[in-house]
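In: got a sequence here, can you build the structure:
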Amino acid sequence: MNKTLLLAGVACLIATSANANMMDSAKNAMRDMKPYVGIDYAYSNLDLGGAAKYGEENFNTAKVNVGVDMGKHASLEAFYQFGGSRKAHLKERDGGGTKKVKFNAYGLDMYGNMPLGCAQKFSLLATAGIAVYDMEVKHNDKVSKSRVGYRVGGGAQYKLTDNMAARVIGRYGYVGGRELNHVAEVTAGLKYSF
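Out: Numbers count the residues shown, from 1 in each chain. Predicted coordinates:
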């Protein structure tokens with residue numbers, strides 16, 4: 001009976017110690033997480049086909065994003081990209097008239113950060129994610145399509161202050177749709193960490 005009580009007491013002490021260590025680890029992980037918001041300018045080149053063929057392929061867009069830095073080396077970010085619309089005047093052999101193409105996107109990206117140098121203000125970035133690309137084409141009729149695409153990219157970031165950073169990213173997105181096959185873009189923007 002005494003051995004059983006002794007073993008139960010030791011088990012309780014071990015469990016309490018393990019629980020305290022897990023709580024400390026969770027607190028440290030939460031302390032390293034920093035939410036942020038950002039805004040980017042994006043130059044997007046679209047590979048158009050189907051109903052969108054002969055439409056304007058280059059878009060100057062704005063992106064807003066919210067995310068969380070998970071320590072020094074990883075971030076998770078949600079974004080919305082306002083593509084707006086572009087008009088193209090078609091030649092007679094292409095059907096004549098005006099073709100209007102509208103483009104928007106939203107999704108989720110994971111970032112890997114590799115700080116460089118002694119001050120670690122400059123970082124190399126790698127990113128991978130998933131996005132929904134919305135296309136709307138107006139010519140003789142209106143065609144609307146939404147497709148899921150996969151994105152990869154790389155870039156650089158420079159910390160201006162403890163809370164503010166500037167970044168530039170090149171990205172390739174594969175959509176695989178008839179109207180939109182892929183997207184190549186370059187973004188430049190600012191992010192503010194809380």
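In: elements contacting the strand or helix carrying Thr61?
Out: Using DSSP states H and E, Thr61 sits within strand 58-70. Packing partners of strand 58-70 (3 or more CB pairs under 8 Å, 6 or more residues apart in numbering; DSSP states H and E): helix 2-32, strand 33-48, strand 74-89, strand 98-116, strand 180-193. (Each C-beta comes from the backbone N, C-alpha and C, glycine too.)
In: show residues contacting that strand.
Out: For strand 58-70, contacts defined as CB atoms under 8 Å, 6 or more residues apart in numbering pick out 29, 32-46, 75-84, 86, 103, 111, 113, 187, 189, 191, 193.
In: partner residues bridging the residue nearest the centre of the chain?
Out: Centroid-nearest residue in the chain, with CA atoms, centre = their mean: Asp109, separated by 3.3 Å. For Asp109, the beta-bridge partners under DSSP bridges are Glu77, Gly129.
In: how much space is there between it and Phe103?
Out: According to CB to CB, to the nearest Å, Asp109 stands 18 Å off from Phe103.
In: what's the nearest residue to Leu125 if we skip its chain neighbours?
Out: Gly155 (4.6 Å; CB to CB, 6 or more residues apart in numbering).
In: returning to that earlier point: partner strands of the strand holding Thr61 and their direction?
Out: strand 33-48 (antiparallel), strand 74-89 (antiparallel).
In: dump it to PDB, restricted to CA.
Out: Provided in PDB are the C-alpha atoms of strand 58-70 (Å, rounded to 0.1, in the frame of the first residue of the first chain):
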ATOM      1  CA  ASN A  58      -1.100  43.100 -67.700                       C
ATOM      2  CA  PHE A  59      -2.700  44.400 -64.500                       C
ATOM      3  CA  ASN A  60      -1.500  46.900 -61.900                       C
ATOM      4  CA  THR A  61      -3.200  45.800 -58.800                       C
ATOM      5  CA  ALA A  62      -3.400  46.400 -55.000                       C
ATOM      6  CA  LYS A  63      -3.200  43.700 -52.300                       C
ATOM      7  CA  VAL A  64      -4.100  43.900 -48.700                       C
ATOM      8  CA  ASN A  65      -3.000  41.300 -46.300                       C
ATOM      9  CA  VAL A  66      -3.200  40.200 -42.700                       C
ATOM     10  CA  GLY A  67      -0.900  37.600 -41.200                       C
ATOM     11  CA  VAL A  68       1.100  36.400 -38.200                       C
ATOM     12  CA  ASP A  69       4.800  36.100 -37.800                       C
ATOM     13  CA  MET A  70       5.500  32.800 -36.000                       C
END
